[in-house]
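K.L.:
sequence first, then the predicted structure:
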Amino acid sequence: MDTYPYAPPPPPLPPQVAVRRWWQHPGLVVGALVVLPPLGIVLAWTSRWERNRKVLATVLAAVWFVLLFFGGGSPEKKPVRGDDRPSKVTVTASASTSASPEPSGPPSLVGKSLQEAGEVASAAGYSVVSHDASEQDARQWDADEWTVCFQTSAGQREGGRPVLDLGVVRVGAPCPAVDGEKIPWPKMPVVTAMTFERAAEALGPIGFRKVEPESAYSDVALPGVADPWKVCFQDPEPGGTVENPQFGTVYLKLAPPDAVCPERPYATLRPAPTP
């Protein structure tokens, strides 16, 4: 008697695997999409890619095809007319001539502002470099605020213009006797006992920004015209070094011509009587 009344079920068949054709290879499809987009689109839809991937590939290939064959051409070259080419050559030659004129000799730049000196030197065919002519070695960031005191030749740059080295000081400052020495700032003159007009004339060469008159008495108002009032006190004091007078103000305290100077500023000329 058979031990197994029923025969065992047959083993399951292996899953069928779709065979990929040579034209469905991903590398071939991508290459066709780049080189020949219409063929690449056809191959993409016959490939085993997912539908979303096929749609994306179709859109990108179509955009690439439009740009490649309709919008990527070289721009049309404008024909050169007979009157165009000489114009370009003339402008180039003119610019070259103005940029590098043939130097005939260094111009005199002493006394000019650094800004003006650079322009004059450039027009004469020279380049300029600058340095502080005093011992402070300050940088010249604002060329229009410096005055040229010294001028020397600095050789010639390789393949370029000859160079002039300019020693400069701040506008309003006197030039030192020798390049690199201290600036000889003036001393404050004595202007006491002078009338206001004479004092202003004596202070003129110093170069102060302003001379301010004031009354030496607290109970006497200064008139509209300070002269012929006389100077009783001065600030700055006489004998001191005046640095950068172009930024400074002199204060002169004056007394009326018929009054003596007080012992101290802002005294009372006519004190109230004692009750």
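P.N.:
Perfect, I can see it now. Numbers count the residues shown, from 1 in each chain.

K.L.:
may I ask which helix or strand of the protein has the lowest mean pLDDT?
P.N.:
When the helices and strands of the chain are scored by mean pLDDT, DSSP states H and E, helix 85-99 comes last with a mean of 37.

K.L.:
what ranges do the helices span in this structure?
P.N.:
26-35, 37-46, 51-66, 85-99, 114-123, 196-203 (DSSP state H).

K.L.:
least reliable of the ones you listed going by mean pLDDT?
P.N.:
Among the helices of the chain, helix 85-99 carries the lowest mean pLDDT, at a mean of 37.

K.L.:
what's the neighbour count on the residue nearest to I183 when sequence neighbours are not counted?
P.N.:
For I183, ignoring the flanking residues on the chain, the nearest one in space by C-beta to C-beta, 6 or more residues apart in numbering is S134 at 4.9 Å. All C-beta atoms are positioned from the backbone trio N, CA, C, and that covers glycine. S134 has 20 neighbours, counted by other C-beta atoms under 10 Å.

K.L.:
pLDDT value on S134, please?
P.N.:
You'll see S134 listed with a pLDDT of 93.

K.L.:
adjust the sequence numbering to begin at 46 for everything that follows.
P.N.:
Sure, I'll start numbering at 46, so the last one becomes S179.

K.L.:
which strands or helices does the longest strand that the chain contains pack on?
P.N.:
In the chain, with assignment by DSSP state E, the single longest strand is strand 191-201. For strand 191-201, the packing partners by 3 or more C-beta pairs under 8 Å, 6 or more residues apart in numbering; DSSP states H and E come out as helix 159-168, strand 207-215.

K.L.:
can we see that at 6 Å?
P.N.:
strand 207-215 (3 or more C-beta pairs under 6 Å, 6 or more residues apart in numbering; DSSP states H and E).

K.L.:
so how far is the strand it packs on from its chain's centroid?
P.N.:
Chain-centre distance of strand 207-215: 20 Å, with C-alpha atoms, centre = their mean, to the nearest Å.

K.L.:
show me the shaky parts of this structure.
P.N.:
Residue ranges of the chain with pLDDT under 70: 46-74, 77-78, 80-81, 85, 90, 93-94, 114-149, 203-204, 317, 320.

K.L.:
quick check: buried residues in stretch 245-260?
P.N.:
By 16 or more other C-beta atoms under 10 Å, the buried positions in stretch 245-260 come out as 245, 248, 251-253, 256, 258, 260.

K.L.:
still on that earlier bit, residues touching the longest strand of the chain, excluding its own?
P.N.:
154-155, 157, 159, 162, 178, 185, 207-214, 216, 220, 224 (C-beta atoms under 6 Å, 6 or more residues apart in numbering).
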